[in-house]
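>>> predicted model, plus sequence, below.
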Amino acid sequence: MITAVEIEAKAKELKQKGYPVISLAIGEPDFPVHESIKDTIYKAVLDNKTYYPNPQGILELREAVAEYETKRKGIHISPDEILITAGGKPVIFYSIFSLCNKDDEVILLEPYYLVYPYWCKVLNIKYKVIKLEENGTIPKDEFLKALNSKTRLIIINYPNNPQGSLMNKENLDLLLEALEKFSRLYILSDEVYSELVYEGEHISIFKYNKERVILLESFSKTYSMTGLRLGYGIFPIDMIKNLKTMNSNLITGPSTPIQYAGIVALKDENVKNYVKTMLEEFRKRRDFLYEELKTFVKFKPQGAFYYFIKIPYDGLEFCNRALNEKYLAITPGILFGDSFKNYVRISFANSMENLKEGIRRFKELL
Ligand code: PMP
């Protein structure tokens, strides 16, 4: 199955050949990385901070993450519980790989981020899929039917890519009860969009049971640092030692200067204001697109930066047509689960100008 990154690469190739391509396919903020972050990277290199990092992540960054997350979650988080990774994706692999064995099961909620089933398949781990309601609600009966003593891991993602939904209180209770009932069960909570919330409150299950919930976070979306590759997992302490060794044997860690940049991203007031500006810009784009799309969508995203749209066509064919006929790159819904063959995802992490033209082309095709 093609990935959104691959669609983006094809769109870039066409653009390089001179075609007037607009890409609303990938979840990548169009803002440049903040100057303070850039300066920190240059300075780290000039100061010879170019040696191997600690394979768990440099201590100063883990301390900064611990401080930031302690404040946000209202529970104590120690630098010892944190593993710094090259973007958030490795946390998905590490969680499935280190927790699940052949007879275990994983529960995924659809629409899901493609990386979850990818690693289950590669690692030969069985998974069950439950379809979320459009507002992100987990259907209770189906969930309870899927859950059993073999369920080792549930992967959740709020704010959700691609639905833009948040977790509600009933879901929180349902998941916490599941953890209570099944002692081998863990939850991986993918919260890479946690700072991109337009309305409502982002509930993080992590703070209610950090012994059995893994938190996945990333610098990619919040700080527009997609290509710098920085993220982290906060793991139950007994998992950390093995993961550190794994990191050490695999990549050692994200490059040292980028880790120093991560500290500035979390602490610098100017960066914080920049994130607020980006959020307000995303909100304007979300509202603009809602007006354009309201005959097709019922749900206005509460977080992240996508519209997930049902169309009267096969989504994959429609996306191919969009790229080949209109030079518009968008993502087919099938990437987020088999239930979404007639869906497409549009990202509004792009300039208003591109959105206006992109949506014009989109409507022409419908
Ligand atoms: N989780 C979700 C839900 C995502 O949408 C993404 C990026 N598209 C990631 C994780 C991983 O992002 P990164 O590896 O860039 O941190």
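It's in.
>>> need the residues of the stretch 101-250 of the chain near the ligand, please.
With the criterion set to C-beta under 6 Å from any ligand atom, the stretch 101-250 of the chain comes near the ligand through 113, 157, 161, 190, 192, 218, 220, 226, 231. Quick note: C-beta positions are derived from backbone N, CA and C, even for glycine.
>>> can I get those in JSON lines including neighbour count and pLDDT?
Conversion of those to JSON lines gives the following (neighbours: other C-beta atoms under 10 Å; pLDDT from 0 to 100):
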{"residue": "Tyr113", "neighbour count": "23", "pLDDT": "97"}
{"residue": "Asn157", "neighbour count": "26", "pLDDT": "98"}
{"residue": "Asn161", "neighbour count": "27", "pLDDT": "97"}
{"residue": "Asp190", "neighbour count": "28", "pLDDT": "98"}
{"residue": "Val192", "neighbour count": "24", "pLDDT": "98"}
{"residue": "Ser218", "neighbour count": "24", "pLDDT": "98"}
{"residue": "Ser220", "neighbour count": "22", "pLDDT": "98"}
{"residue": "Thr226", "neighbour count": "19", "pLDDT": "97"}
{"residue": "Gly231", "neighbour count": "22", "pLDDT": "98"}
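>>> determine which two of these are furthest apart.
Farthest pair in these (C-beta to C-beta) is Asn157 and Thr226. Separation: 17.2 Å.
>>> list the contacts for the residue of the stretch 51-200 of the chain found nearest the ligand?
Here the residue of the stretch 51-200 of the chain nearest the ligand is Gly87; by C-beta to the nearest ligand atom that distance is 2.8 Å. Gly87 makes contact with 218, 220, 226, 229-231, 254 under the criterion C-beta atoms under 8 Å, 6 or more residues apart in numbering.
>>> and what of Ile346?
Here Ile346 is in contact with 24, 289, 306-307, 309, 330-331, 358-359, 362 (C-beta under 8 Å, 6+ apart).
>>> part of a strand, is it?
Yes: using DSSP: H, G, I helix; E, B strand; the rest coil, the assignment for Ile346 is a strand.
>>> residues near the residue lying closest to Pro159 once chain neighbours are set aside, how many?
For Pro159, the nearest residue in space outside its immediate sequence neighbours is Gly303; the separation is 2.7 Å by C-beta to C-beta, 6 or more residues apart in numbering. Neighbouring residues of Gly303 were enumerated by other C-beta atoms under 10 Å; the total is 26.
>>> now Gly303, which residues is it bridged with?
Beta-bridge partners for Gly303, by DSSP bridges, are Val197.
>>> residues contacting Ala64?
Ala64 makes contact with 262-263, 266-267, according to C-beta under 8 Å, 6+ apart.
>>> domain map for the chain?
The record, using automatic domain parsing to delimit domains, assigns the chain the ranges 4-27+271-365, 36-268.
>>> mean pLDDT lowest for which of the ones you listed?
Per-stretch averages of pLDDT across these put domain 4-27+271-365 at the bottom, with a mean of 94.
>>> picking up where we left off before, buried subset of the contacts of Ala64 as a ChimeraX selection?
Paste this into ChimeraX to select the buried members of the contacts of Ala64, with burial taken from 16 or more other C-beta atoms under 10 Å:
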select :262,263,266
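>>> sorry, back to before: name the helix or strand for the residue of the stretch 51-200 of the chain closest to the ligand, please.
Here Gly87 sits in a region with no helix or strand, counting by DSSP states H and E.
>>> got the phi and psi for it?
phi 80, psi 180 (degrees, to the nearest 10).
>>> tell me the SS of the closest residue to Ser255 other than its chain neighbours?
Spatial nearest neighbour of Ser255, chain neighbours left out: Pro53 (7.7 Å); criterion: C-beta to C-beta, 6+ apart. When classified by three-state DSSP, Pro53 comes out as coil.
>>> which ones are touching the residue of the stretch 251-366 of the chain found nearest the ligand?
When C-beta to the nearest ligand atom is the measure, the stretch 251-366 of the chain has its nearest residue to the ligand at Ala304, with 7.6 Å between them. When contacts are counted by C-beta under 8 Å, 6+ apart, Ala304 touches 27, 159-162, 164, 193, 196, 221.
>>> how about stretch 335-350: buried residues?
Going by 16+ other C-beta under 10 Å, stretch 335-350 has these buried residues: 335-337, 340, 342-350.
>>> and that stretch, is it in reach of the ligand?
No: using C-beta under 6 Å from any ligand atom as the criterion, no contacts between stretch 335-350 and the ligand are found, and the smallest distance is 9.6 Å.
>>> and the end-to-end length of that stretch?
One end of stretch 335-350 to the other measures 21 Å (C-alpha to C-alpha, to the nearest Å).
>>> just the helices in the stretch 1-150 of the chain please.
Chain-ordered helices for the stretch 1-150 of the chain, with DSSP state H, counting those that start in this stretch as the definition, fall at 4-16, 35-46, 59-73, 89-99, 115-122, 140-146.
>>> circling back: save the contacts of Ala304 as CSV, and put in distance to Tyr208 and secondary structure too.
Conversion of the contacts of Ala304 to CSV gives the following (distance: C-beta to C-beta, whole Å; DSSP: H, G, I helix; E, B strand; the rest coil):
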residue, distance to Tyr208, secondary structure
Gly27, 27, coil
Pro159, 18, coil
Asn160, 19, coil
Asn161, 22, coil
Pro162, 26, coil
Gly164, 23, coil
Tyr193, 19, coil
Leu196, 22, coil
Lys221, 24, coil
